[in-house]
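Enquirer: Everything below, folded, please.
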Amino acid sequence: MESEVIAADILLPPVLTFKRIQMSDKYPKGHARGRHWKHLKQILQAENYQNYPTYEPNYVNIESPPSMYPSKKFCDITGFEAPYIDPRTSLRYASVDVFKRIRSLPNEYIQRWLSLRNAAIVLK
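Expert: Numbers count the residues shown, from 1 in each chain. The predicted structure follows:
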C-alpha cells in the first residue's frame, strides 16, 4: 500500500487556499509590515493648511468654548483627585495618609507646594 502512495505522481499546488499565508511570503525582506502611523506634525504639513481660507475650520484654527463642567481638583502631593482641603494649609489632599504627611511638613515646604499651584497664600 505504501509503495503505491510513493509511486503515485501527486502534484500539489504551491499555495493551498485554505492555509494561512506565511508572513515571509506576504512581506518579503525589505518590505514594511503593517500600518505606518503619521505624527500630527506630518499630517499638518501634508494638508497645507496655510492654503485654506481663514474662515474655514481646521486643526490649526479651531476654537472651542470653555467647558461646562467644573474643573477637577487634584491632590497637591500625589496628583490623585482630591475631594478634601486642609483648612490650616489650604493644600488639597486625597487620603488620610496624605493629610498626616501634610500636617507634618514645615511651613517652607507648604509654601513651595502652594507656589507650584500658583496659590499665593501666606501662612501664619
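Enquirer: For the rest of this, base every contact and every neighbour count on C-alpha atoms.
Expert: Fine.
Enquirer: Quick one: the strands in this protein, in order.
Expert: For the chain, the strands defined by DSSP state E cover 84-85, 92-93.
Enquirer: Paired strands for the first one, with orientation please.
Expert: This means strand 84-85. Counting by DSSP bridges, the strands paired with strand 84-85 are strand 92-93 (antiparallel).
Enquirer: what about the strand it pairs with, average pLDDT?
Expert: Here strand 92-93 scores 94 as its mean pLDDT.
Enquirer: Identify, out of the strands of the chain, the most deeply packed stretch.
Expert: Among the strands of the chain, strand 92-93 has the highest mean neighbour count (mean count of other Cα atoms under 10 Å), at a mean of 26.
Enquirer: Residues in contact with it: which ones?
Expert: By Cα atoms under 8 Å, 6 or more residues apart in numbering, the surrounding residues in contact with strand 92-93 are 73-78, 82-86, 99.
Enquirer: Name the member of those residues with the most neighbours.
Expert: Most neighbours among those, by other Cα atoms under 10 Å: D76, with 22 neighbours.
Enquirer: which strand residues sit across from the closest residue to that residue other than its chain neighbours in the sheet?
Expert: By the measure of Cα to Cα, 6 or more residues apart in numbering, the closest residue to D76 outside its immediate chain neighbours is R92, 5.6 Å from it. Beta-bridge partners recorded for R92 (DSSP bridges): I85.
Enquirer: Going forward, the N-terminal residue is numbered 66.
Expert: Sure, I'll start counting at 66 from here, so that last one is R157.
Enquirer: distance of R157 from I175?
Expert: Using Cα to Cα, to the nearest Å, R157 is found at 11 Å from I175.
Enquirer: How about Y158?
Expert: Y158 sits 12 Å away from I175, going by Cα to Cα.
Enquirer: Kindly report the same for A184.
Expert: Between A184 and I175 the computed distance is 11 Å (Cα to Cα).
Enquirer: Over to P148?
Expert: Distance, P148 to I175, by Cα to Cα: 19 Å.
Enquirer: which of A184 and I175 has more neighbours?
Expert: I175 (20 against 13).
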